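A.B. asks: following is a predicted model, sequence given first.
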Amino acid sequence: MSLWRSLRAVTAVAVAAGLLLTACGGGGGKATSRPAPSTGASLSLSAANDLYSPTVLDVTAGQKVRLQIADIAVPHTFTANEFDVNLPVTQMGKQTIEFNVPVNASGDVPFFCTLHVGMGGTLKVEAP
């Protein structure tokens, strides 16, 4: 057998073994019941007239939320104590904020502005 044929045969065997191990999972690690990370969500919220609208936002546990807030005429906050979120909303016009919904979160979680009484709503958290 020539040297080139031998090298080609060894390379083919190595590639096939690598593909086989990759296809079979190869790691032999323990299976976990953790949910796969969520890709995130982009939601919109208005802050017109010192009221958040809509007042109900649907989110998923474990999700990264990108919240686009429009109609900002005065400073606000976006606060969700249960998620340890207290973000300033001070960019006039519109601003985007981000936060993570905890993996173990569920049910209805209130959000509000700490500067304006009555300005708030509910984050409805669903399982992934």
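C.D. replies: Happy to help now that I have it.

A.B. asks: only C-alpha atoms from now on, for both contacts and neighbour counts.
C.D. replies: Noted.

A.B. asks: quick one: low-confidence parts of the protein?
C.D. replies: 1-39 (pLDDT under 70).

A.B. asks: list the contacts for residue 56?
C.D. replies: 121, 122, 123, 124 (C-alpha atoms under 8 Å, 6 or more residues apart in numbering).

A.B. asks: can you tell me the closest non-neighbouring residue to it?
C.D. replies: The shortest distance from residue 56 to any non-neighbouring residue, by C-alpha to C-alpha, 6 or more residues apart in numbering, is to residue 122 (4.9 Å).

A.B. asks: next one: the one you found from residue 93, what distance?
C.D. replies: 23 Å (C-alpha to C-alpha, to the nearest Å).

A.B. asks: with residue 66 instead?
C.D. replies: 17 Å.

A.B. asks: between these two, who's got more neighbours?
C.D. replies: Higher neighbour count among residue 66 and residue 93: residue 66, with 16 against 12, using other C-alpha atoms under 10 Å.

A.B. asks: surely the more buried one and residue 98 touch.
C.D. replies: Yes. Here residue 66 reaches residue 98: they are 4.5 Å apart, a contact under C-alpha atoms under 8 Å.

A.B. asks: name the residues that touch stretch 117-125?
C.D. replies: Taking C-alpha under 8 Å, 6+ apart as the rule, stretch 117-125 contacts 50-52, 54-61, 105-113.

A.B. asks: what sits against residue 70?
C.D. replies: By C-alpha under 8 Å, 6+ apart, the neighbours of residue 70 are 44, 45, 46, 47, 48, 93, 94, 95.

A.B. asks: quick check: beta-bridge partners of the first one?
C.D. replies: I take that to be residue 44. residue 68 (DSSP bridges).

A.B. asks: pretty sure it is in contact with residue 65, am I right?
C.D. replies: No. Residue 44 is not in contact with residue 65 according to C-alpha under 8 Å; the separation is 10.4 Å.

A.B. asks: ok, back up a step: could you look up the SS state of the residue nearest to residue 56?
C.D. replies: Here residue 122 is recorded as strand under DSSP: H, G, I helix; E, B strand; the rest coil.

A.B. asks: just the CA trace of stretch 103-121, in PDB.
C.D. replies: Only the C-alpha atoms of stretch 103-121 are listed here, as PDB (Å, rounded to 0.1, in the frame of the first residue of the first chain):
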ATOM      1  CA  VAL A 103     -35.800  30.200  36.200                       C
ATOM      2  CA  ASN A 104     -38.000  29.400  39.200                       C
ATOM      3  CA  ALA A 105     -40.400  32.300  38.800                       C
ATOM      4  CA  SER A 106     -44.100  31.600  38.300                       C
ATOM      5  CA  GLY A 107     -47.500  33.300  38.500                       C
ATOM      6  CA  ASP A 108     -48.200  37.100  38.600                       C
ATOM      7  CA  VAL A 109     -45.400  39.500  39.500                       C
ATOM      8  CA  PRO A 110     -46.200  43.200  39.900                       C
ATOM      9  CA  PHE A 111     -44.100  45.800  38.200                       C
ATOM     10  CA  PHE A 112     -44.300  49.500  38.900                       C
ATOM     11  CA  CYS A 113     -42.600  53.000  38.800                       C
ATOM     12  CA  THR A 114     -41.300  54.000  42.200                       C
ATOM     13  CA  LEU A 115     -41.700  57.600  41.300                       C
ATOM     14  CA  HIS A 116     -45.400  57.600  40.300                       C
ATOM     15  CA  VAL A 117     -48.100  56.000  42.500                       C
ATOM     16  CA  GLY A 118     -50.500  53.900  40.500                       C
ATOM     17  CA  MET A 119     -48.100  53.400  37.500                       C
ATOM     18  CA  GLY A 120     -47.600  49.700  37.200                       C
ATOM     19  CA  GLY A 121     -48.800  46.400  35.900                       C
END
